[in-house]
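Asks: show me how the following folds:
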Amino acid sequence: MATHGTTPPPGRRKGGCLSSLLVLVVILGLAYGASKYFDDKNSSSSSSSSSGGDKTSSWNVGDCGGPDPDDAPDGYRAVDCGESGATFKALAVMEASILPDAIQCPAGTDLIIQVKISFGSGGDKSGGIPSKTVCGRNLSGAHPGDAGAGGGQLVKGDCVTDTAQEVPCAQAAGSGYKVLGLVKTEKECPSGTTEPMRLTLAIGRPYDVICAAKA
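Replies: As a prediction, the model looks like this:
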């Protein structure tokens, strides 16, 4: 069974926890030396949306959004679905989390947007307090979040390399693997699994093992 993903050791704290943290660092160091680790980068990258009392602070399922010209290139704002600037529709709206891996959007999500609430009249939209997470699906025909398309969050039916990196299934034949399930332990993998990929710790992520088979 391969082991994939790296997680940096936690920051040190003052006081009585120091000795425990040092032991943990040593253990993690030994584990790294004994296994081959890879980065777990299967989560889709998040963009941001900022609000200061306008409609972006109250996203609902079915709302639409598009690029925010005042916060280019990664900012988004809520717009009416009939407007020319609308590029996606919200499939789900969730509470924000400080743990990126804890946000699991529904199948078909093409992009994930973190909504932040800002106060005052400052023009910096990169700041603010995270309040919601919007799981969006493109209004166009391009849907990288669909199973097998190679984008979005990892879901059953996607394809990965031997280092657990998501790739389009069209490019995985012969060298890649098909995802049969995402579970906590190897013994939970479904029949047909030939390559259970154990990922390193990621707080909040609902799975630790990718159940895979040759694509």
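Asks: hang on, residue 101 in a helix?
Replies: Yes: with DSSP: H, G, I helix; E, B strand; the rest coil as the criterion, residue 101 is part of a helix.
Asks: how close does the nearest residue to it once chain neighbours are set aside sit to residue 139?
Replies: Distances taken as CB to CB, 6 or more residues apart in numbering put residue 205 closest to residue 101, at 3.7 Å, once the chain neighbours are dropped. For every residue, glycine as well, the C-beta is placed using N, CA and C. Applying CB to CB, to the nearest Å, the value for residue 205 to residue 139 is 29 Å.
Asks: more neighbours: the two, which one.
Replies: More neighbours surround residue 205 than the other of residue 205 and residue 139, with 20 against 15 (other CB atoms under 10 Å).
Asks: the more buried one reaches residue 153, doesn't it?
Replies: No: the pair residue 205 / residue 153 is not scored as a contact, 10.3 Å apart, by CB atoms under 8 Å.
Asks: find the nearest non-adjacent residue to residue 173, please.
Replies: Once its chain neighbours are removed from consideration, residue 173 has its nearest residue in residue 215; the separation is 5.7 Å (CB to CB, 6+ apart).
Asks: which ones are touching the one you found?
Replies: With contacts taken as CB atoms under 8 Å, 6 or more residues apart in numbering, residue 215 has the following neighbours: 159, 169, 172-178.
Asks: ok, residue 136 touching residue 63?
Replies: No: the criterion here is CB under 8 Å, and residue 136 misses it with residue 63 at 9.3 Å.
Asks: who's more crowded, these two?
Replies: Set side by side, residue 136 and residue 63 show more neighbours around residue 136, with 27 against 20, by other CB under 10 Å.
Asks: isn't there a strand covering that one?
Replies: Yes: read with three-state DSSP, residue 136 is one of the residues of a strand.
Asks: what pairs with it across the strands?
Replies: Beta bridges link residue 136 to residue 90, residue 111 when assigned by DSSP bridges.
Asks: how close does it get to residue 150?
Replies: Distance, residue 136 to residue 150, by CB to CB: 17 Å.
Asks: tally of neighbours for residue 147?
Replies: Here the count is done by other CB under 10 Å, and residue 147 has 17 residues near it.
Asks: likewise residue 134?
Replies: Close neighbours of residue 134, defined as other CB under 10 Å, add up to 29.
Asks: with residue 75 instead?
Replies: Applying the criterion other CB under 10 Å, we find 17 residues in the vicinity of residue 75.
Asks: ditto for residue 129
Replies: Residue 129 is flanked by 10 other residues according to other CB under 10 Å.
Asks: beta partners for it?
Replies: The residues listed as beta-bridge partners of residue 129 by DSSP bridges are residue 117.
Asks: hang on, it packs against residue 98?
Replies: No: using CB under 8 Å, residue 129 and residue 98 do not qualify as a contacting pair, with a distance of 10.9 Å.
Asks: returning to that earlier point: list residues touching both of residue 136 and residue 63?
Replies: When contacts are counted by CB under 8 Å, 6+ apart, the set common to residue 136 and residue 63 consists of 89-90.
Asks: circling back to that earlier point, adding secondary structure, write the contacts of residue 215 out as CSV.
Replies: Rendered in CSV, the data for these read as follows (three-state DSSP):
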residue, secondary structure
159, strand
169, helix
172, coil
173, coil
174, coil
175, coil
176, coil
177, strand
178, strand
